[in-house]
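**Student:** Below is the structure, and that's it, no one-letter string:
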């Protein structure tokens, strides 16, 4: 370090220490004096600093604390004010108490400490201070709903302090709480003239006039903000009043300030959600409203706008849930009631919609929007004549409205009165020739009626009026396609795409034509044309994925599904398809990742719950699968057959046989003609030896699926149960002849073995493996039959053949290791170690084989180590005890071997090698 730098540092330290020394020389009285000078100069911020220094220097300086509390109170920092004033009150002089209590009472009211306010003693206070405290008590009573008591208390307060700003503020507040808004406004206008710097009055004035005059309210809130910029509540009020008058830019400006200070505030985010909703930014609106959800019971509007937003995003199920929750909390909101009626129509409760809309029409007769909803509800109830009457009323109320004529025309078409409907649509076109909406309805109606030529003429007439718009060309293309003129239809769609490059409707239609011609590459190119102009257009991404899946190109399918998920993160269909792909391709561990980042409310979607339940079931996570199903069953009115199937499988896995049967019975109630369900019930009855139930369900399964291998297999099992093994054999032979497969082969061989026909079983297996050398399961069974028959050479030949097909087959590796351990111990050890590697050391049986092979190779230490672990983990397995004794004997420790055998044979437990163990023990005992 250089001398100059050291010298500079030393000088700095000296300078700082000198400042500290100077600071400590200033007394609390001097700080108080400086604060007074700052206040005289109008610098409150500097005064606060000096007062804090004063109380730091002398915590007992009550005057400094009182002034500091007063300044905090004036700045609107009531918690800080209450803290300082609370410290003063116990040690205050009479004069200071007179100053403190009115302020402390007001702070306590605002902080919700109403009991503390009521407990304040008035004795010794001046009239003005008593009046202020009484006004605070009146405010507390107002907050508790005791308006009459508050009125009496305020009368006394006014008599004591008629000129008090706070008392007049409370007088205005009480008038407002009593619904006397004009009186409250007059009081506040007078008060703001008398005390123009009193922010509370300006804010309350904004509250009072908000409904009647939002522009004035915004101005009043602005004045309150100027006086107390740090009070964010005033700014939030101005946001809501600006939203009310659709001054969204002004609202956004205030929201920036609010979000910088309280980004997770539910109320601020509710306001943000409203602004984003009205701007059409629905994903952003939903994100904000989700943060606001905790206040949905205080502000039910959160639920309303969540529902409206979900509807705009296309998730009508969630929209329906939110609007139902809102309607339960507030059934008097016109917007909410209208939306509720629309949702009821959509979700099949048109009778409720009709009743609600008729009630609303009593208050606002002639409301066209409500009349249209009423008409839709009547259509849904198949009351077409009444619906037409309502639509006619709308057309009468709006004689110049093309849309009213169009809806009425569409209504006549739905009622089967085609000519009247066509005439009205033509009138709508004449009324608004530039619109195109009526043209689209007219063409669609004509196509539906099979009037394809007339549809083409109507579309061409529209084109003549608007030749440079894509819409008429799209209608021409649809009409020509209906006329089976695919070449002309293609030209029309191509013209629409020229007029609007990347037009989704045109390119999707062209892709459909290409797909019909099996030109899948061209179909995908058309979707890519759309995506070149609209990169995140989800329908094109999903259609491209569908064509790729049809081609078997699942890698590309996943790529486009992932793009759709990224483009619209809350779009469930893309996520569900990704998850289902993983389910069907044994990648169940990836299923949950398909739903990563999904908003919590979407995780309770029935389709998501079903998918996750299946995934949990496949992973063996049965309790979690059950939880998913429980959520599902609470959410939906009527579970599906497939839901009960999954529940049955989960219950069976959990050992809940009663739950399994209950689920299967519920599924059968929904679909008694399902052969799989009848078969499942028959299988269960078979395991319970319930012959009556078994026969009943098997008979139904045979009726519904007489040729089903599963049904025939169960029929064979029933024959065996009745002692008719020959009949069972005939059934299984016929099954194998009709549908030769490994499954039918194995069933047939097992039947031969059941009938003790070993030679036929071997012949059947040998014949199959000769013709199907790559089939592992039959060859393994054949090898095992040879092994059990004592044909070690034939058995090893078959196990070796298995390894030629599947070099990692654990059964073949383990058996060869065991069978070769004496004659070819080195080779046996290779097989044994390979088997252990494949099982990752987790198979006790494979470890047992390895230990015995190690012993054959003279590696007794390794063998003993393995048996030490095996016997500690599975002391009840007699084979491990016997083999351990063999290793000890081979290692030369006859004593230990004899003790192990003695302990083993002291038990009556039977095992396949017991005779050999007894013989060995007898031999060792005789030699002792």
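**Tutor:** Arrived safely. Here the structure is a predicted model, which is why all the values come from computation and not from measurement.

**Student:** Residue 272 and residue 259 touch, don't they?
**Tutor:** Yes - using Cβ atoms under 8 Å, residue 272 is in contact with residue 259, at 7.1 Å. Glycine gets a C-beta too; all of them are placed from N, C-alpha and C.

**Student:** Compare the two (neighbour count), which wins?
**Tutor:** Ranked by neighbour count (other Cβ atoms under 10 Å), residue 272 and residue 259 place residue 272 first, with 25 against 17.

**Student:** Quickly find the element holding the more buried one.
**Tutor:** Using DSSP states H and E, residue 272 falls within helix 266-278.

**Student:** Quick one: mean pLDDT over that helix.
**Tutor:** Averaged across helix 266-278, pLDDT comes to 95.

**Student:** List the contacts of that helix.
**Tutor:** When contacts are defined by Cβ atoms under 8 Å, 6 or more residues apart in numbering, helix 266-278 is touched by residues 236, 239-240, 243, 246, 248, 251-252, 255, 258-259, 262, 282, 284-286, 288-289, 291-295, 299, 301-302, 305, 308-309, 312.

**Student:** what's the next secondary structure element after it?
**Tutor:** helix 282-292.

**Student:** Can you list the buried residues in that following helix?
**Tutor:** 282, 284-292 (16 or more other Cβ atoms under 10 Å).

**Student:** Format those as TSV; extra columns: distance to residue 502 and pLDDT.
**Tutor:** Output for these, formatted as TSV (distance: Cβ to Cβ, whole Å; pLDDT from 0 to 100):
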residue	distance to residue 502	pLDDT
282	22	91
284	25	92
285	27	93
286	27	92
287	28	92
288	31	94
289	32	94
290	33	92
291	36	92
292	37	94
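
**Student:** As CSV, those with distance to residue 609 would be great.
**Tutor:** Putting the buried residues of helix 282-292 into CSV (distance: Cβ to Cβ, whole Å) gives the following:
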residue, distance to residue 609
282, 25
284, 27
285, 26
286, 21
287, 23
288, 27
289, 23
290, 20
291, 25
292, 26
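
**Student:** List just the nearest of those residues to residue 479.
**Tutor:** residue 282 (34.3 Å; Cβ to Cβ).

**Student:** Excluding covalently adjacent residues, which one is nearest to the closest one?
**Tutor:** Excluding its sequence neighbours, the residue lying closest to residue 282 (Cβ to Cβ, 6 or more residues apart in numbering) is residue 312, at 4.6 Å.

**Student:** so the helix holding residue 272 versus helix 282-292, what angle?
**Tutor:** With axes from the mean of the first three to the mean of the last three Cα atoms, to 10 degrees defining the directions, helix 266-278 sits at 160 degrees from helix 282-292.

**Student:** and helix 266-278, how far out from the chain's middle?
**Tutor:** Offset of helix 266-278 from its chain centre (Cα atoms, centre = their mean, to the nearest Å): 21 Å.

**Student:** and if you look at stretch 324-336?
**Tutor:** Using Cα atoms, centre = their mean, the offset of stretch 324-336 from its chain centre is 24 Å.

**Student:** likewise stretch 164-182?
**Tutor:** 47 Å.

**Student:** repeat for stretch 853-860
**Tutor:** Relative to its chain's centre, stretch 853-860 lies at 58 Å (Cα atoms, centre = their mean).

**Student:** about what we covered before: for the residue nearest to residue 282, grab the count of nearby residues.
**Tutor:** 15.

**Student:** So it sits against residue 284, correct?
**Tutor:** No - look at residue 312 against residue 284 with Cβ under 8 Å: they stay out of range, at 11.8 Å.

**Student:** so where's the stretch 251-400 of the chain uncertain?
**Tutor:** For the stretch 251-400 of the chain, no stretch has pLDDT under 70.

**Student:** 90 instead?
**Tutor:** 261, 313-318, 363-368, 371-400 (pLDDT under 90).

**Student:** The stretch 501-650 of the chain: helices as residue ranges?
**Tutor:** 504-516, 520-533, 538-550, 554-567, 572-584, 600-603, 606-618, 622-635, 641-653 (DSSP state H, counting those that start in this stretch).

**Student:** Would you format the ones you listed as CSV with distance to residue 149, mean neighbour count and mean pLDDT included?
**Tutor:** Formatted as CSV, the helices of the stretch 501-650 of the chain follow (distance: least, Cβ to Cβ, whole Å; neighbours: other Cβ atoms under 10 Å; pLDDT from 0 to 100):
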stretch, distance to residue 149, mean neighbour count, mean pLDDT
helix 504-516, 67, 20, 95
helix 520-533, 69, 19, 96
helix 538-550, 61, 21, 94
helix 554-567, 60, 18, 94
helix 572-584, 55, 20, 93
helix 600-603, 44, 14, 80
helix 606-618, 53, 21, 94
helix 622-635, 47, 18, 94
helix 641-653, 59, 20, 94
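
**Student:** Nearest to residue 694, out of those?
**Tutor:** Judging these by Cβ to Cβ, what sits closest to residue 694 is helix 641-653, at 17.1 Å.

**Student:** Could you find the closest non-adjacent residue to residue 418?
**Tutor:** Nearest to residue 418 is residue 449, by Cβ to Cβ, 6+ apart, at 6.1 Å.

**Student:** follow-up on the earlier one: dump the helices of the stretch 501-650 of the chain into CSV; add distance to residue 715 as well.
**Tutor:** CSV is the format used below for the helices of the stretch 501-650 of the chain (distance: least, Cβ to Cβ, whole Å):
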stretch, distance to residue 715
helix 504-516, 45
helix 520-533, 45
helix 538-550, 38
helix 554-567, 39
helix 572-584, 30
helix 600-603, 44
helix 606-618, 28
helix 622-635, 31
helix 641-653, 22
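
**Student:** Just tell me which of these ends up closest to residue 151.
**Tutor:** Nearest of the helices of the stretch 501-650 of the chain (Cβ to Cβ): helix 600-603, 46.2 Å.

**Student:** How far off centre is the closest one?
**Tutor:** Using Cα atoms, centre = their mean, the offset of helix 600-603 from its chain centre is 2 Å.

**Student:** Share the number of residues neighbouring residue 585, please.
**Tutor:** A count of nearby residues for residue 585, using other Cβ under 10 Å, gives 10.

**Student:** nope, residue 517 is what I was after
**Tutor:** 11.

**Student:** can I see the domain layout of this protein?
**Tutor:** 179-245, 264-330, 331-385, 760-806, 811-928 (automatic domain parsing).

**Student:** Quick one: those as JSON lines, columns for distance to residue 397 too.
**Tutor:** Below are those laid out as JSON lines (distance: least, Cβ to Cβ, whole Å):
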{"stretch": "domain 179-245", "distance to residue 397": "28"}
{"stretch": "domain 264-330", "distance to residue 397": "26"}
{"stretch": "domain 331-385", "distance to residue 397": "6"}
{"stretch": "domain 760-806", "distance to residue 397": "77"}
{"stretch": "domain 811-928", "distance to residue 397": "78"}
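
**Student:** how about those, which one is nearest residue 420?
**Tutor:** Across these, closest to residue 420 is domain 331-385 (Cβ to Cβ), at 12.4 Å.

**Student:** And that closest one, how far out from the chain middle?
**Tutor:** 31 Å.

**Student:** now do stretch 27-46
**Tutor:** Worked out by Cα atoms, centre = their mean, stretch 27-46 lies 58 Å from the chain centre.

**Student:** Then stretch 756-770?
**Tutor:** With Cα atoms, centre = their mean, you get 55 Å for stretch 756-770.

**Student:** Please enumerate the helices of the stretch 351-500 of the chain.
**Tutor:** 368-380, 384-397, 402-414, 418-431, 437-448, 452-465, 470-482, 486-499.

**Student:** now the ones you listed in JSON lines, with mean neighbour count and distance to residue 277?
**Tutor:** Conversion of those to JSON lines gives the following (neighbours: other Cβ atoms under 10 Å; distance: least, Cβ to Cβ, whole Å):
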{"stretch": "helix 368-380", "mean neighbour count": "22", "distance to residue 277": "19"}
{"stretch": "helix 384-397", "mean neighbour count": "18", "distance to residue 277": "27"}
{"stretch": "helix 402-414", "mean neighbour count": "23", "distance to residue 277": "24"}
{"stretch": "helix 418-431", "mean neighbour count": "19", "distance to residue 277": "31"}
{"stretch": "helix 437-448", "mean neighbour count": "22", "distance to residue 277": "25"}
{"stretch": "helix 452-465", "mean neighbour count": "19", "distance to residue 277": "34"}
{"stretch": "helix 470-482", "mean neighbour count": "24", "distance to residue 277": "28"}
{"stretch": "helix 486-499", "mean neighbour count": "19", "distance to residue 277": "32"}
